[in-house]
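J.: With the input below, show me the fold.
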Amino acid sequence: MTLTTGFDIAVLPSTQAAADSIGDESRFVNKINEVRASEGLAPLSLDAELTAQARIWAEQLRADDNLSHANDLSIGVTANWTKLGENVGVGPVDQLDALFEAFVASPDHYANLMDPDFRFVGVGVVYDDEGRMWTAHRFMAIAPPAQVAAGSTTQPAPTADPQSDAPEDPAPEVLASTDETVAPAPGAADETDGAGAASTPTTAANATLLAGLMEQLGQQGF
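T.: Here you go, the predicted structure:
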């Protein structure tokens with residue numbers, strides 16, 4: 001997979017790259033909350049576990065040199081979540097605004113950004129030596145606190161951690177892709193796929209962005 005950007009990018013020292021990635025992560029979070037506010041939605045709070053997993057997955061994308069989704073978005077998440085979502089993307093390091101607009105322009109990614117159920121977010125950003133920024137955004141909705149009747153000592157029964165199906169592979173020209181995992185209803189039985197792996201209801205959508213957008217970003221293809 002190759003990328004032609006039309007300009008040279010110097011490799012940053014590791015400490016400077018780390019500082020820049022944290023800054024870009026904050027810019028993405030701010031942009032997410034700005035677009036949510038424009039529609040009257042509550043801002044998303046930064047979650048340390050989502051951030052850690054988003055950074056791990058962004059690094060995996062860079063290592064693979066390919067956009068894809070994690071097979072299980074619940075890994076590393078200890079909160080009592082009800083829904084998890086993910087957007088991933090890649091673009092030139094100086095095109096963060098354009099990359100975010102690509103998320104906004106894609107209905108599936110926009111749905112994750114604007115989902116009123118989501119309350120928490122984590123963003124990971126890493127750079128490669130070809131001048132590209134790889135980013136993963138994780139979203140989470142959590143269950144409301146369990147209500148226990150006054151005077152009762154009974155606690156809600158523990159439930160198994162939901163698992164997510166592997167999403168479909170995005171098309172080669174995809175700039176960003178999205179995945180959403182929904183927790184099963186209480187007491188719902190797990191379904192088993194042909195490989196024998198337990199799974200729960202999952203929806204996945206992969207968006208193909210227009211070639212003109214890639215040209216606008218200075219890309220000639222992957």
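
J.: Lowest-scoring secondary structure element of this protein by mean pLDDT?
T.: Across the helices and strands of the chain, mean confidence by mean pLDDT, DSSP states H and E is lowest for strand 198-199: a mean of 24.

J.: mind listing what residue 31 touches?
T.: 97, 100 (CB atoms under 8 Å, 6 or more residues apart in numbering). In this view, the C-beta of every residue, glycine as well, is placed from N, C-alpha and C.

J.: what comes up buried for the helix or strand hosting it?
T.: Assessed by DSSP states H and E, residue 31 sits inside helix 14-37. Under the neighbour-count criterion of 16 or more other CB atoms under 10 Å, helix 14-37 has 21, 24-25, 28-29, 31-33, 35-36 buried.

J.: got it, and stretch 133-147?
T.: Residues of stretch 133-147 classed as buried: 133-142 (neighbour count, 16+ other CB under 10 Å).

J.: could you give me the average pLDDT of the helix holding residue 31?
T.: Averaged over helix 14-37, pLDDT sits at 87.

J.: Give me the neighbour count for residue 110.
T.: A total of 16 residues lie near residue 110 under the criterion other CB atoms under 10 Å.

J.: before we move on, back to that, farthest-separated two in the buried residues of stretch 133-147?
T.: By the measure CB to CB, 133 and 142 form the most distant pair in these, at 29.1 Å.

J.: ok so, going back, nearest to residue 116 among the buried residues of stretch 133-147?
T.: Using CB to CB, residue 141 comes nearest to residue 116 of the buried residues of stretch 133-147, at 9.1 Å.

J.: quick one: secondary structure of residue 94?
T.: The local conformation at residue 94, judged by DSSP: H, G, I helix; E, B strand; the rest coil, is coil.

J.: From one end of stretch 64-72 to the other, what's the distance?
T.: Stretch 64-72 stretches 17 Å from its first residue to its last (CA to CA, to the nearest Å).

J.: residue ranges for the strands of this structure, please.
T.: For the chain, strands defined by DSSP state E occupy the ranges 45-46, 81-92, 120-127, 132-142, 176-182, 191-192, 198-199, 202-205.

J.: And those strands: which comes nearest residue 70?
T.: Residue 70 lies closest, by CB to CB, to one member of those: strand 81-92, at 6.9 Å.

J.: For that closest one, which helices and strands make contact with it?
T.: Packing contacts for strand 81-92, counted by 3 or more CB pairs under 8 Å, 6 or more residues apart in numbering; DSSP states H and E, involve helix 48-64, helix 96-105, helix 107-114, strand 132-142, strand 176-182.

J.: Summarise which helices and strands the third one is packed against.
T.: Contact here means 3+ CB pairs under 8 Å, 6+ apart; on that basis helix 107-114 packs against helix 14-37, strand 81-92, helix 96-105, strand 176-182.

J.: What angle do helix 14-37 and that helix make with each other?
T.: Interaxial angle of helix 107-114 relative to helix 14-37 (axes from the mean of the first three to the mean of the last three CA atoms, to 10 degrees): 90 degrees.

J.: What are the buried residues along helix 107-114?
T.: Residues 108-110, 112-113 are the ones in helix 107-114 that count as buried (16+ other CB under 10 Å).

J.: orientation of that helix relative to helix 96-105 in degrees?
T.: Going by the same axes, to 10 degrees, helix 107-114 makes 100 degrees with helix 96-105.
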